[in-house]
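*Asks:* just coords:
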């Protein structure tokens with residue numbers, strides 16, 4: 001097993017090291033673990049207690065000394081399932097209170113705000129936010145999400161279609177033969193070659209305007225303003241009705 005994967009369920013390096021050591025050597029004392037890992041004994045005691053709380057290890061007392069051993073690795077799956085059940089319960093609790101939480105957020109919210117997102121996770125956050133709005137508009141697109149994040153797109157697009165969210169996509173004309181952004185509720189038109197540019201796309205959704213740079217660093221700058229978004233929707237409508245071609 002690749003023990004590094006245990007980090008994904010919240011185990012820090014120290015716990016992973018002690019747990020893997022007990023799996024390897026079996027019944028062991030603190031001294032045995034210390035000799036095997038070189039870790040400080042006080043840290044080992046703290047880690048052992050945490051692993052016991054997680055149900056990953058147990059102990060027996062022999063000659064008035066504790067001997068520790070790992071529980072069968074099936075416990076890892078049980079632990080993950082317990083966490084999933086806890087998260088589902090928390091999700092339900094939060095959902096019942098989300099309206100009151102949202103009121104607090106809205107009461108302190110500026111009429112105009114700007115946020116910066118970086119990396120693929122930042123871009124994903126923008127796409128997830130778009131699912132809250134029935135119509136999304138794009139200027140200068142090139143189907144970059146399909147090309148650069150195909151696995152995310154496949155799952156995301158299913159949710160978009162299920163919600164019936166419409167995309168009005170003004171794509172770069174030179175990419176017409178290559179565009180892969182097609183499907184249900186996606187409407188494409190193509191801009192003249194004079195509009196050709198770097199892989200930077202404008203997203204307009206709700207009261208938000210996002211400028212996305214599909215470079216290797218993945219960058220998004222999102223402005224939230226009713227007036228600015230309304231203007232960009234007018235620009236999009238003008239280009240869609242007068243300049244763009246099917």
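*Replies:* In hand now; what should we look at? As the structure is a prediction and not an experimental result, all values here were calculated from the model.

*Asks:* I'd like the next helix or strand past the lengthiest helix in the chain.
*Replies:* In terms of residue count, the longest helix belonging to the chain (DSSP state H) is helix 74-107. Following helix 74-107 in sequence order, the next helix or strand is strand 113-118 (DSSP states H and E).

*Asks:* on contacts alone, who are the packing partners of the very next helix or strand once past that following strand?
*Replies:* Once strand 113-118 ends, the next helix or strand along the chain (criterion: DSSP H and E) is helix 119-130. Counting contacts by 3 or more CB pairs under 8 Å, 6 or more residues apart in numbering; DSSP states H and E, helix 119-130 is packed against strand 113-118, helix 144-148, helix 150-163, strand 200-205, strand 208-213, strand 219-224. C-beta: built from backbone N, CA, C; applies to glycine.

*Asks:* and the second one, what does it pack against?
*Replies:* Okay, so that is helix 144-148. Judged by 3+ CB pairs under 8 Å, 6+ apart, helix 144-148 is in contact with helix 119-130, helix 150-163.

*Asks:* how much space separates residue 200 from residue 133?
*Replies:* 21 Å (CB to CB, to the nearest Å).

*Asks:* kindly report the same for residue 232.
*Replies:* 14 Å.

*Asks:* more neighbours: these two, which one.
*Replies:* Remark: of residue 232 and residue 133, residue 232 carries more neighbours, 19 against 16, as counted by other CB atoms under 10 Å.

*Asks:* which residues does the more buried one contact?
*Replies:* 137, 139, 202, 204, 209 (CB atoms under 8 Å, 6 or more residues apart in numbering).

*Asks:* the lowest-mean-pLDDT helix or strand in the chain: which residues count as buried?
*Replies:* Sorting the helices and strands of the chain by mean pLDDT, DSSP states H and E puts helix 74-107 at the bottom, at a mean of 85. Applying a neighbour-count criterion of 16 or more other CB atoms under 10 Å, one finds 76, 79 buried in helix 74-107.

*Asks:* quick one: that helix to chain centroid distance?
*Replies:* On the basis of CA atoms, centre = their mean, to the nearest Å, helix 74-107 sits 16 Å off its chain's mean C-alpha point.

*Asks:* repeat that for stretch 117-130.
*Replies:* Stretch 117-130 has its C-alpha centroid displaced from the chain centroid by 8 Å (CA atoms, centre = their mean).
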